[in-house]
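> Kindly generate the corresponding structure for this input.
(chains A, B, C and D)
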Number of protein chains: 2
Amino acid sequence: MNIGQAAAASGLPAKTIRYYEEIGLIRPMRDTNGYRAFAQADIHKLAFLARSRALGFTIEECRALLGLYEDESRASEDVKRLAQEHLERIDVKIGELRSLRATLGDLVSSCAGDHRPDCPILNDLASGPPARKRR
Amino acid sequence: MNIGQAAAASGLPAKTIRYYEEIGLIRPMRDTNGYRAFAQADIHKLAFLARSRALGFTIEECRALLGLYEDESRASEDVKRLAQEHLERIDVKIGELRSLRATLGDLVSSCAGDHRPDCPILNDLASGPPARKRR
DNA sequence: ATGAGGCTTCCCGTAACGGGAAGGTCAAGC
DNA sequence: GCTTGACCTTCCCGTTACGGGAAGCCTCAT
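Below is the predicted model:
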């Protein structure tokens, strides 16, 4: 299996697969012509990585997860902790975005959005970031 | 006012201020010794930028907003549209994160997290990203 | 033999800065 | 007058996870 087929089978772009090899996430064999030769085990790893990345894990977390995946003597505790930390990061991020969304939503709805220059959005922006706690 | 004071007054790190000058967001004067000399107008712009960035606008959006801010003949419509688009991006992002959070939350709570190797999280990851629609 | 795809490596660009080096400047204290 | 320490300057590298594109080899079908 060369890289095009590995890409189709794993759902990852060829560029990404090459990158994963470069940073040592996978180590496919090489044919005599220099082409990468992917074994089924490689395809499985790639699919694992694709899914992990899709769930938002960073590359380094994926590396750790892959290590745990291949370690028969792992403790599920270690896996869970990684996922838990990621989950918390997501919650923090959601919180930040919701806060942003609220502020921005207020501003947007307070702006007439017509041909006149007066704009509460610009007024808010011009009031700067410090001393911004006046509710 | 040199850069340290401008930083304190605007709430932006000096590094960021230099960067903003480099990409043409501001154009402070220079003293004879080569030090940047910030006028009040520059401080206002910096505060505007700090607030805009804090609201999640990209640098290019900030550039546009700053342009509108300084354009007395602007239409608030243009400002509102920029903010509206940003708002929609935020909503999309929140949606994605919530979806992720749901999936990840299920996985985390399904994992025993003990010393044993069995782990539903790894099982899920190993099932790859394609054909993942089976509810 | 030639053309169309694949494959290879290599290098640049992304967003928005942060860290740190090497060196000039300024105000204060001795 | 000199030194110290706190500023300031420019410059260059590193970050995340790849994507785009060039230059060139391999293979198969016409």
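
> Model confidence score at A:T16, please.
With respect to pLDDT, A:T16 scores 97.

> Let me know the helix or strand that it is in.
If you go by DSSP states H and E, A:T16 is part of helix A:14-22.

> A:I59 and A:E88: what is the separation?
Distance of A:I59 to A:E88, computed by C-beta to C-beta, to the nearest Å: 19 Å. Where C-beta positions appear, they are placed from N, C-alpha and C, glycine not excepted.

> Chain A against DNA strand C: which residues are in contact?
Contact residues, chain A versus DNA strand C (C-beta under 7 Å from any atom of the strand): A:2-5, A:14, A:18, A:34-36.

> mind listing what the residue most central in space within chain A touches?
Centroid check for chain A by C-alpha atoms, centre = their mean gives A:G56 as the closest residue, at 3.7 Å. Residues near A:G56 by C-beta atoms under 8 Å, 6 or more residues apart in numbering or on different chains: A:86, A:90, B:100, B:104.

> ok, and for stretch A:30-47, which residues are buried?
A:36, A:38, A:42-43, A:45-47 (16 or more other C-beta atoms under 10 Å in any protein chain shown).

> ok, of those residues, which one's closest to DNA strand D?
A:L46 (11.2 Å; C-beta to the nearest atom of the strand).

> what's the nearest residue to that closest one if we skip its chain neighbours?
Once flanking residues are discounted, A:L46 sits nearest to A:S10: 3.6 Å by C-beta to C-beta, 6 or more residues apart in numbering or on different chains.

> gap between that neighbour and B:F38?
In terms of C-beta to C-beta, A:S10 sits 53 Å off from B:F38.

> Kindly report the same for A:S110.
Taken as C-beta to C-beta, the span from A:S110 to B:F38 is 31 Å.

> A:E77 now?
54 Å.

> do the same with A:T16
44 Å.

> and if you look at A:R53?
43 Å.

> Kindly report the same for A:L104.
Distance, A:L104 to B:F38, using C-beta to C-beta: 28 Å.

> Next: A:L55.
45 Å.

> again with A:T32
From A:T32 to B:F38 the distance is 65 Å (C-beta to C-beta).

> again with A:Y20
46 Å.
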